[in-house]
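**Student:** Need the 3D shape of this:
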Amino acid sequence: MTLDIEKYLARIGIAGRESPTAEFLARLQEAHLRTVPYENCEIFFGKRVPSLEPEKLYGKIVDRRRGGYCFELNGAFALLLAGCGFTFTESFARWCFGETAVLPPRRHRVLLVRIGKETWIADAGIGSPCPLTPLRLETDVIQERNGLKFRILRDPLHGFLVQRETSEGFVNYFSFWETPHFPQDFLYVNHYCATEENSFFRTHLLVNLAAADGRRSVFMDPGDPGGKDFIFRRERPGLPPLERRIPRSDEKVLAAVLAENFGIDPAD
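**Tutor:** Below is the predicted model of the structure:
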């Protein structure tokens, strides 16, 4: 497909393309995470399977200025990186953070970018606090990103195991093997996540944006087993977070919050 790289760069607030360096890669990932929201509205509200076709991804994120979840966001990010001259492969990852299974299913998508002799883990598709700039694929070294600490271990089950520091120490974040995967490989899991009756993406709304003035998120109230309420949360540097409860029945208020804070029209 013909991809208007300059228009994509403008969408995320980057003036123009540069040489494919580690510094430019870091700027691209942070800009993407700060301007393109993580959101599963198409699955949650519409019960539709998001398209991973390049034209559809570009149209949704660039032309319609929407977001998406990991299969969409990192699929689109891959188009951008390719257009900017980066060399990379894609990989399935196992999302481990918050999971109870020792080996959770592979339902995440990451990019492994080669720059010189180094490999960087590029990821613009996480809907929670995450490294805003890529992690270097280097084991047994603590890497700090935007106030968070990560480390990567080798593991016989997981391959490369990325861990994140919490109040309980380092816990598993996500894992992957370096085996290359291709866009068609993600179609089946994307379909499963969007159609399986008990899929988290069908039963929980999750919208998140690491905006420059503070992280914004909408999620289901974890203390409400009936799933009747949403919570809008605004985190501001140096200030206590602000939270607002939105009844699930109040569609107009929810739509206004999504439009004002994320640029999303759930009916789109």
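**Student:** Please count neighbours and contacts with C-alpha atoms only from this point.
**Tutor:** Will do.
**Student:** Phi first, then psi, for the residue lying closest to Asn172 once chain neighbours are set aside.
**Tutor:** Nearest in space to Asn172, with sequence neighbours left out and distances taken as CA to CA, 6 or more residues apart in numbering, is Gln163 at 4.4 Å. Dihedral pair for Gln163: phi -120, psi 150, per degrees, to the nearest 10.
**Student:** From Gly169, how far out is Gln163?
**Tutor:** Spatial separation of Gln163 from Gly169 under the definition CA to CA, to the nearest Å is 10 Å.
**Student:** higher neighbour count, the two?
**Tutor:** When Gln163 and Gly169 are compared for neighbours, Gln163 comes out ahead with 21 against 8, by other CA atoms under 10 Å.
**Student:** so what's that one up against?
**Tutor:** 150-153, 170-174 (CA atoms under 8 Å, 6 or more residues apart in numbering).
**Student:** Mind giving me the ChimeraX command for buried ones among those?
**Tutor:** Here is the ChimeraX command that selects the buried residues among the contacts of Gln163 (16 or more other CA atoms under 10 Å):
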select :150,151,152,153,171,172,173,174
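**Student:** circling back: so what sits opposite the residue nearest to Asn172 in the bridge?
**Tutor:** Beta-bridge pairing for Gln163 (DSSP bridges): Arg151, Asn172.
**Student:** Just the pLDDT for it.
**Tutor:** Note for Gln163: predicted pLDDT of 98.
**Student:** Glu178: how many residues sit nearby?
**Tutor:** Based on other CA under 10 Å, the number of other residues close to Glu178 is 14.
**Student:** my read: it touches Ser91, true?
**Tutor:** Yes - taking contacts as CA atoms under 8 Å, Glu178 lies within contact range of Ser91: 6.7 Å.
**Student:** element containing Tyr8?
**Tutor:** When elements are defined using DSSP states H and E, Tyr8 is found to belong to helix 5-11.
**Student:** ok, residues contacting the helix or strand just after that helix?
**Tutor:** The first helix or strand that comes after helix 5-11 along the chain, using DSSP H and E, is helix 22-35. Applying CA under 8 Å, 6+ apart, the set of residues contacting helix 22-35 from outside is 11-14, 18, 115, 122-125, 132-134, 209-212.
**Student:** how about helix 22-35 as PDB, C-alpha atoms only?
**Tutor:** Taking only C-alpha atoms (Å, rounded to 0.1, in the frame of the first residue of the first chain), the coordinates of helix 22-35 have been written out as PDB:
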ATOM      1  CA  ALA A  22      17.900   4.600  18.200                       C
ATOM      2  CA  GLU A  23      17.200   8.200  19.200                       C
ATOM      3  CA  PHE A  24      14.600   8.700  16.400                       C
ATOM      4  CA  LEU A  25      13.000   5.300  17.300                       C
ATOM      5  CA  ALA A  26      12.700   6.500  20.900                       C
ATOM      6  CA  ARG A  27      11.000   9.700  19.800                       C
ATOM      7  CA  LEU A  28       8.600   7.800  17.600                       C
ATOM      8  CA  GLN A  29       7.500   5.400  20.300                       C
ATOM      9  CA  GLU A  30       7.000   8.000  22.900                       C
ATOM     10  CA  ALA A  31       5.100  10.300  20.500                       C
ATOM     11  CA  HIS A  32       2.900   7.400  19.500                       C
ATOM     12  CA  LEU A  33       2.100   6.500  23.100                       C
ATOM     13  CA  ARG A  34       1.300  10.100  24.000                       C
ATOM     14  CA  THR A  35      -1.000  10.800  21.000                       C
END
